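**Q** Sequence and predicted model, in that order:
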Number of protein chains: 2
Amino acid sequence: MIGRQEADSIERRSGVSLWRQIADRILQAIATGDFAENAALPPEVALAERYGVNRHTVRSAISALVQEGVLRAEQGRGTFVLSRKRLSYPIGARTRFSTGLQGQTSERHIVLLASSVEPASPRVAEGLGLARGAEVIRLETRGEADGRPVSRAAGWFDARRFAGIDKAMAETGSITASLARFGIDDYLRQSTVLSARHADAADLADLDLQPGAIVLVTVAVNVTPDGQPIQFSESRFPAERVELKLSAL
Amino acid sequence: MIGRQEADSIERRSGVSLWRQIADRILQAIATGDFAENAALPPEVALAERYGVNRHTVRSAISALVQEGVLRAEQGRGTFVLSRKRLSYPIGARTRFSTGLQGQTSERHIVLLASSVEPASPRVAEGLGLARGAEVIRLETRGEADGRPVSRAAGWFDARRFAGIDKAMAETGSITASLARFGIDDYLRQSTVLSARHADAADLADLDLQPGAIVLVTVAVNVTPDGQPIQFSESRFPAERVELKLSAL
DNA sequence: TATAGTTGTCTATATCAATAGACAAATTTA
DNA sequence: TAAATTTGTCTATTGATATAGACAACTATA
């Protein structure tokens, strides 16, 4: 053993408060199974010692997680982990919202939040192979599973080719079904770029997150089987509720 | 237009300080091209108004980014974006560290930070198809490109089959070359699960990050072409420096 | 029914984060 | 050169964050 210690400590003066860092750790410990579901968390004093902070700081972290519905505290008994397995969202060549989550949730659907027609930004134009400034339709959607928001996506389509896709989306609640109306029977994911950042105000509202949460961001281009780009999308997933499982692209 | 405004605002009482949130936004704006490289940022007063905070708060964010080497401030002239395109790290069936970053950096290599022999944790055992508690070798490595840390990984190998792989790794500096010594000419990525969280103390030290940074986390299993698991790994990438580009798995 | 263990509440204090305003210092532009 | 623009520094004040200690309220158990 060459030696190295796994620091379980916490950063001060970081711009991230200690209670939020500890809340993050607890979430992670739950996700990795260090804190089992339905079991009691270590008592507050033990956690305080473990993370090297005051008990009150641990309490702030716990109360945030209670607020989020991750933990339940019972006076005199302890603090318990509520079922919190993260959804595993598959990403692959034929990623579809509903089919991907089958078996993990009893119900899932997509809500159309907004739509608009706008000139293509440089990256959208590049992704769709359009002239910069060409008109595109933007659909803002939210994916929900068992009543909990699990994704928030913006999708852009060539306005000339897909005029009226906003109505189709509002009626069908499905991108796949909407594209079918335009003669697109099959489509593939051409490229996916992945990053992560703090949730912004819009994410917090649409995904029902607590401030300080982290979102996974995918930027993808969908194409027809013969390689013609049809959709450029940017999706955001709450990192505390969703993990992305990469399958065959 | 159904209507919806893109909130560019900031969350208060979130456990994440305003200056860090603003630093995040600036990094993101640079990554998406909203703030061009080598160009001047908007002046501090403009940024303060844009984000709805005091000028001093913007200054805190900027000084953190100057510290990180992302920005350079010049009195009387302005604040400038230093080259900061994120590295695009490919993930696919045959992901290899060096080959993947070719063309984006002039130099890249892997440093072996530590190694140890330990009993397999449940998830490692499951990933490698070993009995729970079977001995495994853990290699802790850091990937560097042009002198900057871009990844930090822990890899686990069956200790019986790969006895001495720690020495091979120390000598060759390459997982691929080390595995070749054990007769593994080719290997494939069987599964990859992706998540994100705040960097912990170890990440901060090893990846040379500022506190509050976000890391992308991949958990993967590598297998031989005939499906035999050989490596279980957990890798962390600094989200501000790296994005993951998914290619054919 | 005590007693130990746990969460909940309160007070007090120190430090960090954010706002506010004023002005200095350096650079560019008219 | 003068004015305008921009970053740098200073003081002061407020609110959020973190620590510390004490004790109440509730639960489980010896």
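**A** Arrived safely.

**Q** hmm, which helix or strand of chain A has the shakiest average pLDDT?
**A** Using mean pLDDT, DSSP states H and E, helix A:97-101 stands out as the lowest-scoring helix or strand of chain A, at a mean of 69.

**Q** DNA strand C contacts on chain A?
**A** A:13-15, A:40-41, A:43-45, A:56, A:59, A:62, A:73-79 (CB under 7 Å from any atom of the strand). Glycine gets a C-beta too; all of them are placed from N, C-alpha and C.

**Q** list the contacts for the closest residue to residue A:213 other than its chain neighbours?
**A** Counting by CB to CB, 6 or more residues apart in numbering or on different chains, residue A:213 lies nearest to residue A:199, which is 4.6 Å off, once chain neighbours are set aside. Contacts for residue A:199 (CB atoms under 8 Å, 6 or more residues apart in numbering or on different chains) come out as A:207, A:209, A:211, A:212, A:213, A:214, A:215, A:236, A:238.

**Q** make it 10 Å
**A** The contact partners of residue A:199, by CB atoms under 10 Å, 6 or more residues apart in numbering or on different chains, come to A:152, A:205-207, A:209-215, A:236, A:238-240, B:11, B:14, B:16, B:21, B:24.

**Q** can you check residue A:112 too?
**A** Contacts for residue A:112 (CB under 10 Å, 6+ apart) come out as A:139-142, A:166-173, A:178, B:2.

**Q** What are the buried residues along stretch A:143-151?
**A** A:143, A:144, A:145, A:148, A:149, A:150, A:151 (16 or more other CB atoms under 10 Å in any protein chain shown).

**Q** Only the C-alpha atoms, please, for stretch A:19-27, written as CSV.
**A** The C-alpha atoms that make up stretch A:19-27 are tabulated as CSV, following Å, rounded to 0.1, in the frame of the first residue of the first chain:
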residue,chain,number,x,y,z
TRP,A,19,-24.4,22.9,5.6
ARG,A,20,-24.9,22.5,1.8
GLN,A,21,-21.6,20.6,1.5
ILE,A,22,-22.8,18.2,4.2
ALA,A,23,-26.2,17.9,2.6
ASP,A,24,-24.3,16.9,-0.6
ARG,A,25,-22.3,14.3,1.2
ILE,A,26,-25.3,12.8,2.8
LEU,A,27,-27.1,12.6,-0.5
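
**Q** what mean pLDDT does it have?
**A** When pLDDT is averaged over stretch A:19-27, the result is 89.

**Q** Next one: residue A:169 from chain B, what distance?
**A** Using CB to the nearest CB, to the nearest Å, we find residue A:169 at a distance of 11 Å from chain B.

**Q** same thing with residue A:60?
**A** 8 Å.

**Q** Can you give me the neighbour number for residue A:75?
**A** Burial of residue A:75 is recorded as 5 neighbouring residues (other CB atoms under 10 Å in any protein chain shown).

**Q** again but with residue A:88, I slipped
**A** 16.

**Q** again, but for the one 5 residues further on
**A** As a burial measure, the neighbour count of residue A:93 was computed by other CB under 10 Å and equals 15.

**Q** So it belongs to a helix, correct?
**A** No - read with DSSP: H, G, I helix; E, B strand; the rest coil, residue A:93 is coil and lies in no helix.

**Q** Show me where chain A has its helices.
**A** Using DSSP state H, the helices of chain A run over A:18-32, A:44-51, A:55-68, A:97-101, A:122-128, A:165-172, A:175-180, A:201-207.

**Q** got a list of what residue A:15 touches?
**A** B:16-24, B:60-61, B:64, B:210-213.

**Q** again with residue A:42
**A** A:26, A:29, A:35, A:48, A:49, A:50, A:58, A:78, A:79.

**Q** start to end distance for stretch A:193-205?
**A** 24 Å (CA to CA, to the nearest Å).

**Q** buried stuff in it?
**A** Buried-residue list, stretch A:193-205, by 16+ other CB under 10 Å: A:193, A:194, A:195, A:196, A:197, A:198, A:199, A:200, A:202, A:203, A:204.

**Q** Just give me the closest of those to DNA strand C.
**A** residue A:198 (12.4 Å; CB to the nearest atom of the strand).

**Q** The nearest residue in space to that closest one that is not next to it in sequence - how many residues pack around it?
**A** Using CB to CB, 6+ apart and skipping residues adjacent in sequence, the residue nearest residue A:198 is residue B:24, 5.0 Å away. Residues contacting residue B:24 under the criterion other CB under 10 Å number 24.

**Q** out of the contacts of residue A:199, who's near DNA strand D?
**A** residue B:14.

**Q** what's the spacing between residue A:148 and residue A:105?
**A** 9 Å (CB to CB, to the nearest Å).

**Q** between the two, what contacts are shared?
**A** residue A:87.

**Q** ok, of the contacts of residue A:42, which come out buried?
**A** A:26, A:35, A:48, A:58, A:79.

**Q** so can I have a markdown table of those showing distance to DNA strand D?
**A** Formatted as a markdown table, the buried ones among the contacts of residue A:42 follow (distance: CB to the nearest atom of the strand, whole Å):
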| residue | distance to DNA strand D |
| --- | --- |
| A:26 | 14 |
| A:35 | 19 |
| A:48 | 8 |
| A:58 | 8 |
| A:79 | 12 |
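
**Q** Which two of these have the greatest separation?
**A** Farthest-apart pair in the buried ones among the contacts of residue A:42 is A:35 and A:48; separation 15.6 Å (CB to CB).

**Q** Dump the contacts of residue A:42 into TSV; add distance to chain B as well.
**A** TSV is the format used below for these (distance: CB to the nearest CB, whole Å):
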residue	distance to chain B
A:26	11
A:29	11
A:35	14
A:48	17
A:49	16
A:50	13
A:58	13
A:78	24
A:79	19
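
**Q** re earlier: next, the contact list for the residue nearest to residue A:198, please.
**A** With CB under 10 Å, 6+ apart, residue B:24 has these contacts: A:15, A:197-200, B:10, B:16, B:61, B:65, B:212-214, B:239-240.

**Q** Figure out the length between the terminal residues of stretch A:167-183.
**A** 16 Å.

**Q** For residue A:155, report the pLDDT, please.
**A** Taking residue A:155 on its own, its pLDDT is 96.
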